[in-house]
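*Asks:* Show me the folded form of this:
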Amino acid sequence: MFPALWCSKPLTSPRMLETKVFPHMATSEKQLAANRANAQLSSGPTSSEGKAKISHNAVKTGLTGRTILLPSDDVAAYQAHVERLSQQFSPETDEEKRLSQSLADTLWRLERIPSLEAGIYAIGRRELAAQFSDETDETVRRAMIESQILLTYRRDLTNLSLQESRLRRQYEKDEAQLKSLLAERQAATQQREKDEKARWDNAIRHYKTAEEYGVAFDPAEIGFEFSSAEIAQRIRQEDRHNAIKYGRYYEYKAKGYLKAA
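*Replies:* Residues are numbered from 1 along each chain as shown. You can find the predicted model right below:
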């Protein structure tokens, strides 16, 4: 969880340290008392650089783990952001929806990084504002402070860069996977539509052939699930569509070629 930006809990409690490993190495009560007394005397970092680092340790970034929204985030803006991604990709299956949500969350985190970087520099400028007071040239002093901020927060800024690279890779991976799924679904849909049209065209040919020879047409006899009425309606719909498509609608209508669909 981006350890450079806040303090992690100790892996072992002080009580566990007293009795762990070998009995003869247990800390004496006098030594514990002395340690506690010394701890009371410690006031933490005294330099500006040290205080600057400590002040930034508790910052939560929300760039890793399960946390997506920080307390300062606009929930409505996040929801609108998720909706935009959903409209862009139009996911339908559960896996498509999962990837679309993952893309929205990753992009939300990526867009947070510039403000985090700006925040680090803002904290640094405040904490180090009194540095280099002996420099008479204000422009030079500001440049020195900026350099000192970079040195003081180098680990934090480097971690931000690493997190950005990781998030971009994750986004590209999820985006490629989602686009592949969408393409597969689109191809399957087009194939189904193509097969459906071929079945209709075949049924229409048999219908017209039976009509031409004056033979009763029974779709079920030759394996069609369509009824004669449905096939006749389909013929009327296609005649109307083709007449409009080729600019002959009113001509065919005037000549009585078109029947009500």
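*Asks:* use CA for all of it now, contacts and neighbours both
*Replies:* Noted.
*Asks:* Just the element for residue 247, please.
*Replies:* Of the helices and strands defined by DSSP states H and E, none includes residue 247.
*Asks:* For it, what are phi and psi?
*Replies:* phi 70, psi 30 (degrees, to the nearest 10).
*Asks:* what comes up buried for the helix or strand encompassing residue 84?
*Replies:* Residue 84 is located in helix 75-89, with elements delineated by DSSP H and E. With burial defined by 16 or more other CA atoms under 10 Å, the residues of helix 75-89 counted as buried are 78, 82, 85-86, 89.
*Asks:* what do you get for stretch 142-150?
*Replies:* Here stretch 142-150 shows 142, 145-146, 148-150 as buried, counting by 16+ other CA under 10 Å.
*Asks:* Which residues belonging to stretch 124-141 are considered buried?
*Replies:* So, applying 16+ other CA under 10 Å, buried residues of stretch 124-141: 124-125, 127-128, 131, 141.
*Asks:* which of these lies closest to residue 237?
*Replies:* Comparing those against residue 237 with CA to CA places residue 124 closest, at 72.2 Å.
*Asks:* Give me the contact list for stretch 178-195.
*Replies:* Residues external to stretch 178-195 that are found in contact with it (CA atoms under 8 Å, 6 or more residues apart in numbering): 91, 96, 99-100.
*Asks:* from those residues, which two are the most distant?
*Replies:* 91 and 99 (8.7 Å).
*Asks:* So for these two, which residue has more residues nearby?
*Replies:* A direct count of neighbours by other CA atoms under 10 Å for residue 91 and residue 99 places residue 99 higher, at 23 against 20.
*Asks:* Kindly provide the distance from the more buried one to residue 232.
*Replies:* Per CA to CA, to the nearest Å, residue 99 is found 44 Å from residue 232.
*Asks:* Break down the stretch 101-250 of the chain into its helices, ranges please.
*Replies:* Using DSSP state H, counting those that start in this stretch, the helices of the stretch 101-250 of the chain run over 138-152, 154-212, 228-245, 249-254.
*Asks:* wait, which of those is closest to residue 68?
*Replies:* Here helix 154-212 is closest among these (CA to CA), at 12.8 Å.
*Asks:* Between helix 75-89 and the closest one, find me the angle.
*Replies:* 40 degrees (axes from the mean of the first three to the mean of the last three CA atoms, to 10 degrees).
*Asks:* so helix 154-212 versus helix 138-152, what angle?
*Replies:* Using the same axes, to 10 degrees: helix 154-212 against helix 138-152 is 70 degrees.
*Asks:* can you give me the angle helix 154-212 makes with helix 228-245?
*Replies:* Counting by the same axes, to 10 degrees, helix 154-212 points 110 degrees away from the direction of helix 228-245.
*Asks:* Please state the offset of helix 154-212 from the chain centre?
*Replies:* Averaging C-alpha positions (CA atoms, centre = their mean, to the nearest Å) puts helix 154-212 18 Å from its chain's average.
*Asks:* quick one: buried residues of stretch 233-242?
*Replies:* In stretch 233-242, the ones that count as buried by 16+ other CA under 10 Å are 234-237, 239-240.
*Asks:* and that stretch, average pLDDT?
*Replies:* Mean pLDDT, stretch 233-242: 90.
*Asks:* Stretch 85-95 now?
*Replies:* Mean pLDDT, computed over stretch 85-95, is 95.
*Asks:* Under the pLDDT cut-off, which ranges of the stretch 101-250 of the chain? List them.
*Replies:* Along the stretch 101-250 of the chain, segments meeting pLDDT under 70 are nowhere present.
*Asks:* Please spell out which residue in this protein sits farthest from the middle.
*Replies:* residue 214 (62.8 Å; CA atoms, centre = their mean).
*Asks:* Pop out the phi and psi values for it.
*Replies:* Per degrees, to the nearest 10, the backbone of residue 214 is at phi 70, psi 30.
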